[in-house]
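J.: coordinates only, sequence not included:
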C-alpha cells in the first residue's frame, strides 16, 4: 500500500511542475510580442512553435489540463475581448455575410469532411466522422485577427474575419455536441437536432442580454473604474457557464453580452474607465492568447503518445482532410462573395475583388476551439467500449490546426504583399484622420456655442480656437489654404515647444510625488491618486 505522505508529495511536486510550465508559457507570451513585431511572424504562430519545441524536450513535463476546462476558461475572455470592439449595428448590417460564413460554410465544411473521411476510412462510424468535421470546421477568430491585424489588411477584411470567427463556433459546437450524443447513445433525430439548435440560440441571446443589462446596473453602483472592469471580467465566464447549464450556446451568450455592453459603453466623459478597461483587456488578450496557442504545441507530445507508431498511417487521411477544408472554403467563398456583393445595400463590408477573396480564404486558420473540442471527445461510449477512432480524430484535428497556423499563418503576409492588399492600410489611416477631423470640428462648434452662452473673453476663445485649428491642420492639411497652413504650422511648432515644456513640468511633478511616497507618514493611496491624475494630464497634453 502506498504511503499517503508519498502520494501528497507526488501531487505537490506535479503541481509545482505544472505551475512552472504555465509561468514559462506566460513569459513566452510576452517575449514573443516584440519578436513578432521585428520578424513579421504573427505572435500566435510563434507561440505555437514555442509550444512545439517545449513538447519535444524530454525534460519538460507534459501539460495536464482537463479537456472540459479548456473551452470555459479560454474562449469566454478571448471572445469577449474581440466582440467588445464591434457593435450590434455592424453585425446587423453584415448579417448576410455572417450567415454565409459562420453558419452555412461551417455546415458545408462539416458535411464535406464527413464525406471524405467516411470514404477514406469506411470503418469509422458516420457520427464519429461528423464529430471530426464539426470540430475542424470553424476558423479561429483570435488567430485570424491576430495574423490579419499584424500585416495591415484592410479593416473591412479584418472585421469580416472577426464576425465570422465570433459566430462560427456556435454552429460548430452545436453540431459537435449532437454528433457526440448520437455516437455515445446510439440515438439521433434530425428534428431534435434542429429544435436544439434553435433553442440553443434563443437561450444564449436571452441570457446574454440579461447579463449585459445586469452588468450595466451593477456598474452604475460601482464608482471606481477598477471595480467596474473587475465586474466585466466575471461577465463572460458567467454568460458561458450559465448558457451551457441551460442547454444554450455559451459562445453565443458571450458574444451577445459583449455586443450589448459595447453599445452601452461608458459615457463620453468616463475617461478613467476607458483607460483602465482598454489596458486590462489588452493584457488579458496577450496572456490568454499566448497560453492558448502555446497549449496547442504542448499537447502534441500527448497526441503522439496516444497514437504511437500509427501516426505514419494517419498522414494520408490528414492530408485529405486539409485539402478538403481548403478547397471547400475557396469554392464557397468565390460565389458567396459575388452573391453578397450583388445583393449588398452598400453598407456591408463584403470583399469587392478576387484578391480580397483569396486572402479571406487563406486566412481561415484553425486554433483553440478545434483543439479543445478534439481533446474533449469522450474516451468511452455508453456501453463501456472505447469511442471509435478517437486517436485518429485527435491526430487529424491537430494536423489541420498546425498546418493552418504554421503554413497559412507564415505565408499570409507574403500573399498580401503579392496581391498588393497592404495598401488598404492607407485607406484605414485616411478614415482615422477623417474621424479625428469630425471630432475636432465638433469641438469647434461647441466652442462657438459656449462663446454665446458664457460670454467667454475674446482672448480665451481665440486661443482655444487656434489650438483646435492647429490640430485640424495637422490631421488634414489638404483642407486648408496654403497661407492658412503656413500660419498653422508656425503656431503648431510653438504649441509643440510649449507642450514639451509642459511635459517636463509634469515629469517634475511626478518625481516629487514619487519621492513623497517613500517619506515617513506618507499615505500611498493619496500618492497613487495624485500620480494617476498627473498621468492622465500628461496624456492630454
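T.: Great, that's in hand. Everything numeric in this text was worked out from a predicted model, so none of it was measured.
J.: let me know the pLDDT of residue 302.
T.: At residue 302, the model reports a pLDDT of 76.
J.: in three-state terms, label the closest residue to it other than its chain neighbours for me.
T.: Sequence neighbours aside, residue 62 is the residue nearest to residue 302 in space, at 5.6 Å (criterion: CB to CB, 6 or more residues apart in numbering). Where C-beta positions appear, they are placed from N, C-alpha and C, glycine not excepted. At residue 62 the chain is in coil, as set by DSSP: H, G, I helix; E, B strand; the rest coil.
J.: give the burial count for residue 62, as a bare number.
T.: When counting by other CB atoms under 10 Å, one arrives at 13 neighbours for residue 62.
J.: got the contact list for it?
T.: Neighbour list for residue 62: 55, 298, 301, 302 [criterion: CB atoms under 8 Å, 6 or more residues apart in numbering].
J.: again, but for residue 335
T.: Residue 335 neighbours (CB under 8 Å, 6+ apart): none.
J.: low-confidence ranges in the stretch 401-541 of the chain?
T.: Along the stretch 401-541 of the chain, the model assigns pLDDT under 70 to residues 422-432, 436-437, 454, 470-489, 491-492, 495, 521, 539-541.
J.: before we move on, back to that, between the contacts of residue 62, which is closest to residue 274?
T.: Distance to residue 274 across these (CB to CB) is lowest for residue 298, with 35.6 Å.
J.: my guess is the closest one contacts residue 53. True?
T.: No - using CB atoms under 8 Å, residue 298 makes no contact with residue 53, being 9.7 Å away.
J.: so between these two, which is more surrounded?
T.: In this view residue 298 and residue 53 are compared by other CB under 10 Å, and residue 298 has more residues nearby, 24 against 13.
J.: from residue 493, how far off is that one?
T.: 54 Å (CB to CB, to the nearest Å).
J.: just the buried residues of stretch 247-257, please?
T.: For stretch 247-257, burial by neighbour count (16 or more other CB atoms under 10 Å) applies to 248, 249, 250, 251, 252, 253, 254, 255, 256, 257.
J.: without its sequence neighbours, what residue ends up closest to the third one?
T.: This means residue 250. residue 240 (3.7 Å).
J.: what's the answer for the fifth one, then?
T.: Of all residues beyond its chain neighbours, the one nearest residue 252 is residue 204 (3.7 Å), with distances taken as CB to CB, 6+ apart.
J.: show me what contacts that neighbour?
T.: Going by CB under 8 Å, 6+ apart, the list of residues near residue 204 reads 170, 243, 248, 249, 250, 251, 252, 253, 256.
J.: pLDDT wise, what is it at?
T.: pLDDT, read off for residue 204, is 92.
J.: mind starting the numbering at 663 from now?
T.: Sure thing, new numbering starts at 663, so read that last one as residue 866.
J.: host element of it?
T.: Under the criterion of DSSP states H and E, residue 866 resides in helix 852-883.
J.: give the buried residues for that helix.
T.: Buried residues in helix 852-883, defined by neighbour count with 16+ other CB under 10 Å: 855, 858-859, 862-863, 865-867, 869-870, 872-874, 877, 881.
J.: with stretch 1161-1172 instead?
T.: For stretch 1161-1172, burial by neighbour count (16+ other CB under 10 Å) applies to residue 1171.
J.: same check, this time on stretch 691-702
T.: 691, 694, 698.
J.: quick one: it to chain centroid distance?
T.: Centroid separation for stretch 691-702 versus its chain: 18 Å, with CA atoms, centre = their mean, to the nearest Å.
J.: so for it, mean pLDDT?
T.: What stretch 691-702 shows for mean pLDDT is 85.
J.: do the same with stretch 887-898
T.: 88.
J.: which residues touch it?
T.: Stretch 887-898 is contacted by residues 738-739, 741-742, 873-874, 877, 880-881, 884, 916, 919-920, 923, 932, 934-935, 937-939, 942, 946 when judged by CB under 8 Å, 6+ apart.
J.: return the subset of these lying in helices.
T.: Judged by DSSP state H, those include 738-739, 741-742, 873-874, 877, 880-881, 916, 919-920, 923, 934-935, 937-939, 942, 946 as members of helices.
J.: still on that earlier bit, now the residue nearest to residue 964: how far from residue 683?
T.: 9 Å.
J.: overlap in contacts of the two?
T.: Residues touching both residue 724 and residue 683 by CB under 8 Å, 6+ apart: residue 960.
J.: flag the shaky bits of the stretch 763-912 of the chain, pLDDT-wise.
T.: Scanning the stretch 763-912 of the chain for pLDDT under 70 picks out 806-817, 849-852.
J.: okay, helices next: where are they in it?
T.: 767-782, 788-798, 803-812, 817-847, 852-883, 887-907, 912-925 (DSSP state H, counting those that start in this stretch).
J.: who wins for proximity to residue 707 among the ones you listed?
T.: Using CB to CB as the measure, helix 803-812 is the one of the helices of the stretch 763-912 of the chain that comes nearest residue 707, at 7.3 Å.
J.: sorry, back to before: so the residue nearest to residue 912 makes contact with residue 916?
T.: Yes - Residue 902 is in contact with residue 916 according to CB under 8 Å; the separation is 5.4 Å.
J.: list residues touching both of these two?
T.: Joint contacts of residue 902 and residue 916 (CB under 8 Å, 6+ apart) are 737, 738.
J.: if I look at the closest residue to residue 900 other than its chain neighbours, how far off is residue 893?
T.: Nearest residue to residue 900 in three dimensions, chain neighbours excluded: residue 873, at 6.1 Å (CB to CB, 6+ apart). Residue 873 sits 11 Å away from residue 893, going by CB to CB.
J.: same question for residue 1060.
T.: 37 Å.
J.: for residue 948, same thing?
T.: Distance, residue 948 to residue 893, using CB to CB: 21 Å.
J.: again, but for residue 730
T.: In terms of CB to CB, residue 730 sits 26 Å off from residue 893.
J.: more neighbours: these two, which one.
T.: The neighbour comparison of residue 730 against residue 893 (other CB under 10 Å) goes to residue 893, with 15 against 11.
J.: doesn't residue 968 lie inside a helix?
T.: Yes - the assignment for residue 968 (three-state DSSP) places it in a helix.
J.: enumerate every residue touching it.
T.: Residues near residue 968 by CB under 8 Å, 6+ apart: 1053, 1056, 1057.
J.: TSV for the buried residues of stretch 691-702, including secondary structure and distance to residue 996?
T.: Formatted as TSV, the buried residues of stretch 691-702 follow (DSSP: H, G, I helix; E, B strand; the rest coil; distance: CB to CB, whole Å):
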residue	secondary structure	distance to residue 996
691	helix	37
694	helix	35
698	helix	31
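J.: can you get me the start-to-end distance on stretch 1107-1125?
T.: Start-to-end span of stretch 1107-1125 (CA to CA, to the nearest Å) is 15 Å.
J.: now that stretch: buried residues?
T.: Of the residues in stretch 1107-1125, 1113, 1123 count as buried by neighbour count, 16+ other CB under 10 Å.
J.: try stretch 1045-1061
T.: 1049-1061.
J.: can you get me the start-to-end distance on that stretch?
T.: Span of stretch 1045-1061 from end to end, CA to CA: 30 Å.
J.: what sits against the residue nearest to residue 918 when sequence neighbours are not counted?
T.: Once flanking residues are discounted, residue 918 sits nearest to residue 870: 2.8 Å by CB to CB, 6+ apart. Residues in contact with residue 870 (CB under 8 Å, 6+ apart) are 901, 905, 914, 915, 916, 917, 918, 919, 921, 922.
J.: so the closest residue to residue 908 other than its chain neighbours versus residue 717, what's the distance?
T.: In space, and not counting its chain neighbours, residue 908 is closest to residue 865: 5.1 Å by CB to CB, 6+ apart. In this view, residue 865 and residue 717 are 38 Å apart by CB to CB.
J.: for residue 943, same thing?
T.: Distance of residue 943 to residue 717, computed by CB to CB: 29 Å.
J.: same check, this time on residue 1026
T.: When CB to CB is applied, the distance between residue 1026 and residue 717 equals 25 Å.
J.: same deal with residue 914?
T.: From residue 914 across to residue 717, the span is 33 Å (CB to CB).
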